[in-house]
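Colleague: need the 3D shape of this:
(3 chains)
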Amino acid sequence: MIVLFTDFGLTGPYTGQVKAVLQREAPGVPVIDLFADAPAGNPKAAAYLLAAYSAWFEAGMVFLCVVDPGVGGARAPVILDADGRLFVGPGNGLFEIVQRRARHARISEITWRPAALSATFHGRDLFAPVAARLARGEPAPADQRDASWSRQPDWPDDLAEIVYVDHYGNAMTGLRAALLGLDVQLAIGGRMLERARIFADRAPGDAFWYENSNGLAEVAVNRGRADRVLGLAIGSAVSIVSGGNAA
Amino acid sequence: MIVLFTDFGLTGPYTGQVKAVLQREAPGVPVIDLFADAPAGNPKAAAYLLAAYSAWFEAGMVFLCVVDPGVGGARAPVILDADGRLFVGPGNGLFEIVQRRARHARISEITWRPAALSATFHGRDLFAPVAARLARGEPAPADQRDASWSRQPDWPDDLAEIVYVDHYGNAMTGLRAALLGLDVQLAIGGRMLERARIFADRAPGDAFWYENSNGLAEVAVNRGRADRVLGLAIGSAVSIVSGGNAA
Amino acid sequence: MIVLFTDFGLTGPYTGQVKAVLQREAPGVPVIDLFADAPAGNPKAAAYLLAAYSAWFEAGMVFLCVVDPGVGGARAPVILDADGRLFVGPGNGLFEIVQRRARHARISEITWRPAALSATFHGRDLFAPVAARLARGEPAPADQRDASWSRQPDWPDDLAEIVYVDHYGNAMTGLRAALLGLDVQLAIGGRMLERARIFADRAPGDAFWYENSNGLAEVAVNRGRADRVLGLAIGSAVSIVSGGNAA
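Modeller: Numbers count the residues shown, from 1 in each chain, chains lettered A, B, ... in the order given. Modelled structure (predicted):
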């Protein structure tokens, strides 16, 4: 299975052309749209989102990932093998958190180039053919690099920011909920939010945070939009406040 | 074939994760996105939309339906067999109108639970595996209930409200056009609208109603957006005015 | 492979119902969403977009195309064979530019009608079954017409207007970049824009034009939204200014 994680957006011809390449190069391999609206042009926020959501999939999956503001510039194209999940995309930090959390990681630089490579659409021309080749079980057209190659050592293990706002207005942080205590409060948008288990535990209109279905701490308002109520967007800062301190 | 009817929205990872489960559990079964933007958190409006659009499909289809504001709360997970179409989703009224219009209906409560059930994403963890099992032709992991179980007797047979606004700004009502006379007018947004057969029958800018391609009375403006011209949204009330009275 | 090019929008049941028909009538044939948001109700702008994007695909593809403001009115349903690519849709100019640029073109009028034809959804009821038949390799249920039939001779070979605005706010023109010199400037939104090769060649915030990955001249702002910065929308006029004149 090939999983797409991009900031192409839902509109326009980009995802369709990538799928046409995948269909031609790896016919019959199912393609799943995971995110087409990953944080646009923001590989750092996207890295935390990708780490949380790719972990839900089994080993053997191929992830075709494009959040690539520097397309056509200097960043290298890479393949990361993280515990048997294969990630294909730009070497701009997008795979930093996946790599850091993997028990066994191996990173390579893609050396293959297509006969025709557009200046601005490497997702279609370069990454999709490589992902198709991996999905067919063929060897990666890439040279292995050292584990320290193309890393972002300054990025934290968890990101205390909003990394995604969904259709319902819920705002995901880059924090893993399992690392936060049950009495931890999150300070965000000028408010202190307590943890809840499910939406129905709170009165309509109440803001809270909870562990979402992929393990991230997510800010929500029961029957409301957290993004509007609290004024949140990708990049909004969050502070972790220990419940013990507040008590 | 598995048909998706949800309020997950077009963005975000929800539909993708559901499709990944379906692909894993029922490989090769085609999955069709019917609505990803059913009325959010509004099972009542969604019930009339689902009844109109599911009727267009043949028997044998499996409909995976999620409009579920009470996820994690008390509502039961259900399977409805309505004239050979199988509906999987929350028992919150979403299937009320399908059930009411079916000649032969059988409702069951899903008793199976997955090893890991998130508090907030039963579409992925519970309903998708059940839909996949039905699509494979396996028996439903559910206990049959009485026809009176989990019903909404107070809901009308047709809903005189806007239940969906589409991309063009056309506003669907919950009224079946076949039950309305050719001279019936609809009062909505402070205007009286006559029935037309097609858009080209009206001058550009004219508002009217017509029978849409799935049998619902739909409010439209030729070469314009009815939602903006008339100030319509999901929930806007409609009144039926007999043409005889107005004449 | 069947490629969809429509103005159905991303929301609502339209694309899903078309895909259900294709799946039933041509099971196993992959369906690719190229554009679901082609210029709404604007076959002229859509014609230039379709010509640019369909050229990227190989011969043998079937394109199911619906930008059809006159549905239910007088326009004929057509099949165009352009160098082995097959286009199915309304005869309203949507295929004019594809036909004009083809070396070998043959146009036919679809004579087949389904048993049930809705007044407003020919994409589902008429064009999808015909596209499925072509994808199965069966003969077109259509009568060949003269090359001069149903043409738009007044439309230019290239359209000096914005024909599409994408998710990033980039604005595509209907101009083929290969026909414009490297020193050509485009005047648009009160600004003169120079040509760049890639985004990274320009400072953040700079507006420019470049050849996009399908050969159209496209207006962009590095790390910004050209549509907002320059006030662009579908239909905005562009002027071509020779660099020699400006020097």
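Colleague: for chain A, which residue gets nearest to chain C?
Modeller: As assessed by CB to the nearest CB, chain C sits closest to residue A:9 within chain A, at 2.6 Å. Every residue, glycine included, has its C-beta placed from N, CA and C.
Colleague: name the element the spatially most central residue of chain A belongs to?
Modeller: Nearest to the mean C-alpha position of chain A, by CA atoms, centre = their mean, lies residue A:50 at 2.2 Å. Following DSSP states H and E, one finds residue A:50 within helix A:43-54.
Colleague: what is that helix packed up against?
Modeller: Helix A:43-54 makes packing contacts with strand A:2-6, strand A:31-35, strand A:62-66, strand A:85-90, helix A:96-101, strand A:159-165, strand A:171-176, strand A:216-221 when contacts are defined by 3 or more CB pairs under 8 Å, 6 or more residues apart in numbering or on different chains; DSSP states H and E.
Colleague: show me what contacts the nearest residue to residue A:240 once chain neighbours are set aside?
Modeller: Leaving aside its sequence neighbours, residue A:240 sits nearest to residue A:184 (CB to CB, 6 or more residues apart in numbering or on different chains; 6.0 Å). Applying CB atoms under 8 Å, 6 or more residues apart in numbering or on different chains to residue A:184 gives the contacts A:195, A:240, A:241, A:242, A:243.
Colleague: ok, residue A:12 next?
Modeller: By CB under 8 Å, 6+ apart, the contact set of residue A:12 is C:35, C:37, C:164, C:166, C:167.
Colleague: what distance do you get for the third one to chain B?
Modeller: For residue C:164, the distance to chain B under the criterion CB to the nearest CB, to the nearest Å works out to 16 Å.
Colleague: kindly report the same for residue A:231.
Modeller: In this view, residue A:231 and chain B are 19 Å apart by CB to the nearest CB.
Colleague: phi first, then psi, for the closest residue to that residue other than its chain neighbours.
Modeller: Nearest residue to residue A:231 in three dimensions, chain neighbours excluded: residue A:189, at 5.1 Å (CB to CB, 6+ apart). For residue A:189, the backbone dihedrals (degrees, to the nearest 10) come out as phi 60, psi 30.
Colleague: any idea of the pLDDT on the residue nearest to residue A:240?
Modeller: pLDDT for residue A:184: 95.
Colleague: swap in residue A:10?
Modeller: 86.
Colleague: the one 5 residues further on now?
Modeller: The model reports residue A:15 with a pLDDT of 96.
Colleague: residues near it, how many?
Modeller: For residue A:15, the count of nearby residues is 23 (other CB atoms under 10 Å in any protein chain shown).
Colleague: residues from chain A in reach of chain B?
Modeller: Within chain A, the residues that sit near chain B (CB under 8 Å from any CB of the partner chain) are A:1, A:3, A:10, A:30, A:32-37, A:53, A:56-57, A:164, A:166-168, A:197-200, A:210-214, A:223.
Colleague: list buried residues within those residues.
Modeller: With neighbours counted by 16 or more other CB atoms under 10 Å in any protein chain shown, the residues of chain A next to chain B contain buried members at A:1, A:3, A:10, A:30, A:32-37, A:53, A:57, A:164, A:166-168, A:198-200, A:210-214.
Colleague: next structured bit after the helix or strand hosting residue A:134?
Modeller: Using DSSP H and E, residue A:134 sits in helix A:128-135. Next along the chain after helix A:128-135, taking DSSP H and E as the criterion, comes strand A:142-145.
Colleague: buried residues, that next one. List them.
Modeller: Residues of strand A:142-145 classed as buried by neighbour count (16+ other CB under 10 Å): A:142, A:145.
Colleague: which secondary structure elements does that strand contact?
Modeller: On a contact count with 3+ CB pairs under 8 Å, 6+ apart, strand A:142-145 meets strand A:77-82, strand A:105-110.
Colleague: partner strands of the last one and their direction?
Modeller: Pointing back at strand A:105-110 there. strand A:77-82 (antiparallel), strand A:142-145 (antiparallel) (DSSP bridges).
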